[in-house]
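Asker: I'll drop the sequence and a predicted model, then ask my questions.
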Amino acid sequence: MSEKQNNSTETVEEQDDLTHKNKKTKKNSTKQKEVEQEQTSTEKKDVLTEEEETYKEQLMRLQAEFQNFRKRTDREKMELSEFVKAEFLKRFLPVFDDLHRLDQYIEKAEKPLQDGLNLVFKKLNDFIEAEKVEKIGKVGEDFDPNFHEALLQAPVENEEDDNKIMMVLEHGYKLNDRIIRYAKVQVGQKN
């Protein structure tokens, strides 16, 4: 073979080697890029997963806060409603008492007037019951300063009547656990 051909063959072989090396380098470079992209993709997924968890936690906290807010608001509405009702009843009770004082005169009144007043009393009592207002203070009950106000004391002979309500001067009322008005009573006291 001539030197030219020999050189030419070597050059072709060298070129083939270079091409082969370039292909390998390109393959390696491509694989390396794929690995880097996969790592980057995995890192992005990890970051997204962390962000997702953070958002889920924030959402759960916000939902819990909102539920607590609703419960608190509902409770405050109920308390305000009871307060307004109690204030209304406080202002209404003197009128209610005055009407009950008429009770002793009803028997002397004419029949139509008796019927009319009895109807008014029934409606007022139904209203008080419907509002779940409870009357406080009955003769014979134990005196309790949480519900009763002792205006008078009456001497009693027997031990059983000591610290008992002997007479109710003005009934008290309570709405649920809230005292609207304390019962004004006379209490028995043993000598």
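Answerer: Structure received.
Asker: pLDDT of stretch 83-98, averaged?
Answerer: The predicted model assigns stretch 83-98 a mean pLDDT of 89.
Asker: Which of the three states applies to the spatially most central residue of the chain?
Answerer: Closest residue to the average C-alpha location of the chain: K71 at 2.4 Å, with C-alpha atoms, centre = their mean. Following DSSP: H, G, I helix; E, B strand; the rest coil, K71 is assigned to helix.
Asker: before we move on, what about E134?
Answerer: Under three-state DSSP, E134 falls in the strand class.
Asker: For it, which non-adjacent residue is closest in space?
Answerer: Spatial nearest neighbour of E134, chain neighbours left out: K174 (5.2 Å); criterion: C-beta to C-beta, 6 or more residues apart in numbering. Every C-beta, even on glycine, is put in place using the N, C-alpha and C of the backbone.
Asker: in a strand, that's where that neighbour is, yeah?
Answerer: Yes. Using three-state DSSP, the assignment for K174 is a strand.
Asker: so who does it touch?
Answerer: Listed by C-beta atoms under 8 Å, 6 or more residues apart in numbering, the contact partners of K174 are V133, E134, I136, F147, I180.
Asker: so the closest residue to the fourth one other than its chain neighbours bridges to which residues?
Answerer: Beyond its immediate neighbours in the sequence, the residue positioned closest to F147 (C-beta to C-beta, 6+ apart) is I136, lying 4.9 Å away. Note on I136: beta-bridge partners by DSSP bridges are G172.
Asker: I136 - how many residues pack around it?
Answerer: Close neighbours of I136, defined as other C-beta atoms under 10 Å, add up to 21.
Asker: surely it meets Y182?
Answerer: Yes. Between I136 and Y182 there is a contact under C-beta atoms under 8 Å: 7.3 Å.
Asker: Fine by me, thanks again.
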